[in-house]
Every structure is written in structure tokens, then in C-alpha cells.
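Q: Just need the structure, nothing else, for what follows:
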Amino acid sequence: MLVDSLNALALITNFIIVPGIAYGSQLALGALGVTLVYSILRFSNFAHGELMSFGAMFTILVTFWFKNLNLSISPLPTALLALPFGIIISILLCLIIDRLVFKYYRKVKSENVTYLIVSIGVMFTIGGLIRFIIGPKDRVFTDGSRFILKAREFKSFTGLSEGISIKMTQGVTFFTAVLVVAFVFWFLNKTKTGKSMRAYSDNEDLALLSGINPERVIFITWLLVGSLAAIAGTLYGLDKSYKPFTYLQILLPIFASAIVGGIGSPLGAIAGGFVIAFSELFITFAYKKFFTYMFRLDNPPDGLLQILSTDYKIAVSFVILLIVLLIRPSGIFVGKTL
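A: Numbering: from 1, shown residues only. This is a model prediction of the structure:
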């Protein structure tokens, strides 16, 4: 009985816990970027998914160049070596878009709906540019060691029937996300610039009267947003493979994460990312083997025992978003400011 329970636990860990931590980290980084824009610039940036894609795209191009030069940091993916270049390009793109597009609408004090429409236009523009540069096909750019822990090694060590595997990309995603989130929270809470951003987010008029330079705050915001977008996009591409269209699809889970956690709350963005990630995986997981182990079924059912098929994975984010908006619109952590 104990062995069957351990097999069931290993099964859940391998197919839900480990992938959920990696996917949740990716959503959390994406939602954190959306939250910063909403808190400081006061609009929902629907172009964020394509910003992630653009940063990842340039990282991929530099990664391929490094591979041709035989540069690597094995056992880690070469993409980590190329990531700083992707971050720089992503930041430059954010600053250019802000200067050419969003700055005008700030100047004329446009309504939020105007920003929303403009950001959708920016989204399609960046998406078209990405497809023109790299094309619509899948790009696999993972190299180095494939696994930190292999299922076969785990089964050999424990004697269980079910194994646990941890991909290198999953480990890299989690530890990178931890470092990035720690830096962002340190920056916002401990540095003078970060405190100025929080003050500007809390009360723009009072911040201006206090001598805070709004252009500097906006500049630093886009630095952080561009960096977060490139990092999140690259980590997602490393873990899942890079395909431009998927970054348009991931926009819903990212916004759902930000809203579920509490739009405008960085801590909420992190929590929301993991809530959405684990919800998607728990609801679309096939529980047939799990219940067979737990209840020692001699004649397991014919079906997969899924709540929803993986084809409807994207719908999970939408349903959770609707439930939160109906029951607790402020999200898990009430947040309008940093």
C-alpha cells in the first residue's frame, strides 16, 4: 500500500509539480512585467506577449551565432549566454515604442481604452516583424545537458515503478526566476529609484510635487519591463520550444495571473502565476494511473479520467479569471499600486 502511494506521489510530482513550478515561474515573470506597466504607466499592455517573443527571438539568433562559433557554457544552455543580448534589444524596442507611440498618448492624457487599442496595434506590429525576421516555424534552441534528474535513475534508486525527471530547462527556469524576482523586489523596496517608482505609482500628483522626475521613472519602468519580457520569453521558449504564435496564446494566462493575484501587485503577480499554472495542469491531468495506484484497482476504468482535455487548457485560465472577477475582483492580494 505504501509503495502504491509513493508511486502515485511520484506520478503527480513528475507530471504536475515539477512542470507546474517551471510554468508558474514563466507566467510569474510575464505577469510581473504586465503589473509594472499597469501600476506605473496606468494601462494594460496587450503587446507584452509579443515583447516576450521578440526578446526570445533575438536570444535565439545570438544563440545560433554562438553555436557556429563553438561557444557554449555546457552543461547549461547556450541561450543563457545569449540572453543579455536579447534583454538589451528588448529594452531598446520598449524605449522606441514608448517614444514613438505611448509618449504622445500620455501627453494628451488619453483614456484607458485608447491605450488598450493602441497596445493591440503595437502587438500586431511586433508580431508581424517577428514573423518577417524569423518566420512562423518552431525553433528548438536547447543544448547542454538535457536532464538534471532522469526518471530511469530515480526508479533505479528508489525501486518505484514511477520515475521523476527534472529537465535542465525546468531547473534553469526556476532558479533564474527566483534570482530575477528577488532583484526586482529588492530594487523596488531598497533603492532610491525603486522607492520613487512606488511613490509615483501610489500618487502621481504628490510624487511630482515631491520632485520625482516622471520621465526617469518611466524610463526605468521600461528597462525592467523589457528585461522581464526577454527573460520570461526565453525561458518559456527553452522549456517548450519557440514558436511565435504561442506567445500570443500565452497572453491570456499572463493577464489571468496578474488579475487573479491582484492587478498592480507584484507579489500578486507571482502568486497568480503559480495559481494559473497549477490549475491548468491539475485540471487537464489524466488521473487514471493515479487512482489505480491510490485505490489499488484491479480493473482500472477505460477513460483517462481527465476533468478537461489538454485541448481546452487555455480555457482554464479564462474560467479562473471569470470566477475571480465575479467573487473577488481585487484578486488574492488587493493591489492597485506597487
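Q: okay, which residue of this protein is out on the far edge from center?
A: Most distant from the centre of the chain: Asp298, at 41.3 Å, with distances by C-alpha atoms, centre = their mean.
Q: And the helix or strand where Val178 lies, what's buried?
A: Element membership for Val178, per DSSP states H and E: helix 168-190. Across helix 168-190, burial judged by 16 or more other C-beta atoms under 10 Å covers 168-174, 176-177, 180-181, 184, 188. In short, each C-beta sits where N, CA and C put it, glycine included.
Q: how about a markdown table for these, with pLDDT added?
A: Below are the buried residues of helix 168-190 laid out as a markdown table (pLDDT from 0 to 100):
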| residue | pLDDT |
| --- | --- |
| Met168 | 94 |
| Thr169 | 94 |
| Gln170 | 95 |
| Gly171 | 95 |
| Val172 | 95 |
| Thr173 | 96 |
| Phe174 | 96 |
| Thr176 | 96 |
| Ala177 | 96 |
| Val180 | 96 |
| Val181 | 95 |
| Val184 | 95 |
| Leu188 | 93 |
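Q: with the residues you listed in mind, which one is nearest to Ser196?
A: Nearest to Ser196 out of those is Leu188 (C-beta to C-beta; 10.1 Å).
Q: contacting residues around the closest one?
A: Gly194, Lys195, Met197, Arg198, Pro266, Leu338 (C-beta atoms under 8 Å, 6 or more residues apart in numbering).
Q: Let me know the closest of those to Ile220.
A: Nearest member of the contacts of Leu188 to Ile220, counting by C-beta to C-beta, is Met197, at 6.5 Å.
Q: Any buried residues in the helix or strand harbouring the closest one, and which?
A: Under the criterion of DSSP H and E, Met197 resides in helix 192-202. Applying a neighbour-count criterion of 16+ other C-beta under 10 Å, one finds Gly194, Ser196, Met197, Arg198, Ala199, Tyr200, Ser201 buried in helix 192-202.
Q: Now do that helix: everything it contacts.
A: Contacts of helix 192-202 (C-beta under 8 Å, 6+ apart): 39-40, 187-189, 206-207, 210, 212, 214, 216-217, 220-221, 264, 337-338.
Q: Any of the residues you listed buried? List them.
A: Buried members of the contacts of helix 192-202, counted by 16+ other C-beta under 10 Å: Ser39, Ile40, Leu188, Ala207, Ile212, Val217, Ile220, Thr221, Gly264, Leu338.
Q: ok, Gly24 touching Ala277?
A: Yes. Using C-beta atoms under 8 Å, Gly24 is in contact with Ala277, at 3.6 Å.
Q: in the stretch 101-250 of the chain, which spans are helices?
A: 103-107, 112-134, 151-158, 168-190, 192-202, 204-209, 214-240, 246-249 (DSSP state H, counting those that start in this stretch).
Q: Figure out which of these is closest to Phe290.
A: Using C-beta to C-beta, these put helix 151-158 closest to Phe290, at 16.3 Å.
Q: For Ala8, list the residues it contacts.
A: Shown in contact with Ala8 (C-beta under 8 Å, 6+ apart): Glu162, Lys289, Phe290, Tyr293, Met294.
Q: And Pro136, by the same measure?
A: Residues in contact with Pro136 (C-beta under 8 Å, 6+ apart) are Lys243, Pro244, Phe245.
Q: Excluding chain neighbours, what is closest to the first one?
A: So the one you mean is Lys243. Closest residue to Lys243 apart from its sequence neighbours, by C-beta to C-beta, 6 or more residues apart in numbering: Asp138 at 4.9 Å.
Q: How many residues are close by the one you found?
A: Neighbours of Asp138 under the rule other C-beta atoms under 10 Å: 13.
Q: Verify the stated contact: it with Pro244.
A: No. With contacts counted by C-beta under 8 Å, Asp138 stays clear of Pro244, the gap being 9.6 Å.
Q: one step back: could I get the helices of the stretch 101-250 of the chain in CSV, plus columns for distance to Ile259?
A: Output for the helices of the stretch 101-250 of the chain, formatted as CSV (distance: least, C-beta to C-beta, whole Å):
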stretch, distance to Ile259
helix 103-107, 23
helix 112-134, 14
helix 151-158, 36
helix 168-190, 19
helix 192-202, 17
helix 204-209, 22
helix 214-240, 17
helix 246-249, 17
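Q: Could you tell me the least trusted of the ones you listed?
A: Here the helices of the stretch 101-250 of the chain differ in mean pLDDT, and the lowest is helix 204-209 at a mean of 82.
Q: What lies in contact with that one?
A: Contacts of helix 204-209 (C-beta under 8 Å, 6+ apart): Ser196, Ala199, Tyr200, Pro214, Val217.
Q: Also stretch 120-132?
A: 46-47, 49-51, 53-54, 57, 93, 97, 101, 244, 248.
Q: In terms of distance to Leu326, which of the residues you listed ranks first?
A: Among the contacts of stretch 120-132, and counting by C-beta to C-beta, the member closest to Leu326 is Phe46, at 22.4 Å.
Q: The closest one looks like it's in a strand, true?
A: No. Counting by DSSP: H, G, I helix; E, B strand; the rest coil, Phe46 falls outside a strand, being coil.
Q: Tell me how far Asp98 lies from Lys107.
A: Computed with C-beta to C-beta, to the nearest Å, the distance linking Asp98 and Lys107 is 12 Å.
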